[in-house]
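J.: sequence and predicted model, in that order:
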Amino acid sequence: MDAVAVPLSDLTSMPEPQQVYAADGTRLATYTWGELDAPVVVTVHGFASNARDNWVLTGWVRELTKAGYRVLALDQRGHGHSQKPHQPEDYGIRTLVTDVEAVMDAYLVDDAFYVGYSLGARVGWEVVRDLPQRIGRAVLGGVPDGIPLARLNLDQVRAYIADGTQVADQTTQNYIALTERVPGNDLQALVALAEGMRASGTIDPDPADAPTRPILFATGSKDGIIGGSRALASAASDGTFFEIPGRNHFNAPGSRDFKEAALAFLAEG
């Protein structure tokens, strides 16, 4: 694949979001970069992030388009410029998966690669499993096993939202700091997301029902979830694992090593 020269200014600014309507009518903000006839990479960001924060500012869009890909990104519901419902029932994992499918349908993308991080990687596990005919290979970064967002203390977050009560739990403090770091985040919407994804009380992703397409699992060497990520890579029939050197869960997306490993993996397709 021939590399494409793109001005740096085009890759550090955001295009105007194009609205796509999900199956339940929720408005999803979407973005594209690259040539229309280039192979497509669908990118899906993590919890409390957005397309700009996760993929543009970290250099992913720049590197993917330089390598000759077209990037199709969305702000997941509850994030960025997408609609932000406050009801937990609007955030089940199946709903987040069908949002990705709706975006691909709206852009007439029949087949693509998938790159997701954290929450986007959890969603990606399901997308690759459910749509193997449309996803050739995938990169799932920072994806843990277990019940989604189980370590977030929702009662403490609700009290913080209601009257500013100090949050005692350190992990929950980290989530709130992550949420408040990104302009435009709605903490109530993100609490609803956490509730919606935790509602089933079941393990997700399920290692017993792993996707069969080629997947690169990548997690930072300093990320506490690395063991779970390795286990999921082992459960996938065509999974490989890359340890992102010197990175934790929050700064792994900016790693050059991560991007280079992902690009090499996608090029194999």
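T.: Good, I have the coordinates. Numbering: from 1, shown residues only.
J.: mean confidence for stretch 99-107?
T.: Computed over stretch 99-107, the mean pLDDT rounds to 98.
J.: could you export that stretch as CSV, CA atoms only?
T.: Taking C-alpha atoms only, stretch 99-107 is exported to CSV below (Å, rounded to 0.1, in the frame of the first residue of the first chain):
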residue,chain,number,x,y,z
ASP,A,99,-24.0,1.8,17.1
VAL,A,100,-20.8,0.8,15.3
GLU,A,101,-22.7,-1.3,12.8
ALA,A,102,-25.1,1.7,12.2
VAL,A,103,-22.1,4.0,11.5
MET,A,104,-20.6,1.4,9.0
ASP,A,105,-24.0,1.1,7.3
ALA,A,106,-24.4,4.9,7.0
TYR,A,107,-21.0,5.2,5.4
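J.: how far off centre is that stretch?
T.: When distances are taken as Cα atoms, centre = their mean, to the nearest Å, stretch 99-107 is centred 15 Å away from the chain's centroid.
J.: for the nearest residue to Glu35 once chain neighbours are set aside, what are phi and psi?
T.: Of all residues not flanking Glu35 in the chain, Arg70 sits nearest, at 6.0 Å (Cβ to Cβ, 6 or more residues apart in numbering). Quick note: C-beta positions are derived from backbone N, CA and C, even for glycine. With angles defined as degrees, to the nearest 10, Arg70 sits at phi -100, psi 130.
J.: report pLDDT for Arg70.
T.: The model's pLDDT for Arg70 equals 98.
J.: how about Ile203?
T.: pLDDT at Ile203 comes out at 60.
J.: look up how far Asn153 lies from the residue of the chain most remote from its centre.
T.: The C-alpha centroid of the chain is most remote from Asp163, which lies 30.8 Å away (Cα atoms, centre = their mean). The spacing between Asp163 and Asn153, counted by Cβ to Cβ, to the nearest Å, is 16 Å.
J.: which residues in the protein form helices?
T.: In the chain, the helices defined using DSSP state H lie at 8-12, 51, 60-66, 93-106, 119-130, 154-163, 170-181, 187-198, 226-235, 256-267.
J.: can I get those in TSV with distance to Tyr31?
T.: Converted to TSV, the helices of the chain look like this (distance: least, Cβ to Cβ, whole Å):
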stretch	distance to Tyr31
helix 8-12	12
helix 51	6
helix 60-66	9
helix 93-106	10
helix 119-130	14
helix 154-163	29
helix 170-181	20
helix 187-198	20
helix 226-235	27
helix 256-267	18
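J.: ranking the ones you listed by burial, who's on top?
T.: Per-stretch averages of neighbours, counted by mean count of other Cβ atoms under 10 Å, single out helix 51 among those, with a mean of 29.
J.: Ala235 is in contact with Thr212, isn't it?
T.: No - using Cβ atoms under 8 Å, Ala235 is not in contact with Thr212; the gap is 11.2 Å.
J.: and the closest residue in space to Asp99 that isn't next to it in sequence, its phi and psi?
T.: For Asp99, ignoring the flanking residues on the chain, the nearest one in space by Cβ to Cβ, 6+ apart is Ala22 at 4.9 Å. Torsion angles at Ala22 (phi, psi; degrees, to the nearest 10) stand at phi -70, psi 170.
J.: what's near enough to touch Ala22?
T.: The contact partners of Ala22, taken as Cβ atoms under 8 Å, 6 or more residues apart in numbering, are Leu28, Arg77, Thr95, Thr98, Asp99, Ala102.
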